[in-house]
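[1] here's my sequence, what's the structure:
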Amino acid sequence: MALVAQSLGRVQSEVADTFLESDQDRARQAIRRVAELSPDLPALTAQATVTAYRVVQEALTNVLRHAGKVPTHVQLAPMDDRLLIDIWDAGSDVVLGSSPGGLGLMGMRERVLSCGGELTSGPGPEGGFRVRVVLPADGTT
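    Okay, here's the model as predicted:
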């Protein structure tokens, strides 16, 4: 789990790198996040660890593509014997730069389900959009 908790800055850079070179600096500055990382995160299987990392990466990419420069909240916390990943942005209800037929949420859902987890997505608590994932610890379901 340390991989995910220690890699948020790297995810931010990787997300920015997916944009055109001229937009990378702007993209890095656009992800203004508030990270809440619990010190007692549960141990995950290798598959669930990669899934957690990719969920955070895809969710931050979606914030940049669809909401633009907005504060983004990233929470990693224990939830019973599972890991909670909760990501939401403070964007408006207007979706900027959305492209129909995107596969990001579908891909996240497939990854999460493949390791026995759950994913919900929809309106965030302060407007914007929210992705909430619960992954089992140590391969338990």
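[2] state which helix of this protein is the longest.
    What stands out as the longest helix in the chain, according to DSSP state H, is helix 46-66.
[3] from the contact counts, what lies against that one?
    Applying 3 or more CB pairs under 8 Å, 6 or more residues apart in numbering; DSSP states H and E, we find helix 46-66 packed against helix 2-6, helix 8-17, strand 71-79, strand 82-89, helix 104-114, strand 129-136. (C-beta placed from N, C-alpha, C; glycine too.)
[4] which one of the ones you listed lies nearest to Leu60?
    Leu60 lies closest to helix 8-17 among the helices and strands packed on helix 46-66, at 4.8 Å (CB to CB).
[5] who does Val74 form a beta bridge with?
    Ala35, Ile87 (DSSP bridges).
[6] that one and Asp138: what is the separation?
    Going from Val74 to Asp138 by CB to CB, to the nearest Å gives 23 Å.
[7] compare those two (neighbour count), which wins?
    The neighbour count for Val74 versus Asp138, taken as other CB atoms under 10 Å, is higher for Val74 (23 against 11).
[8] does that one really touch Val56, like I thought?
    Yes - using CB atoms under 8 Å, Val74 is in contact with Val56, at 6.4 Å.
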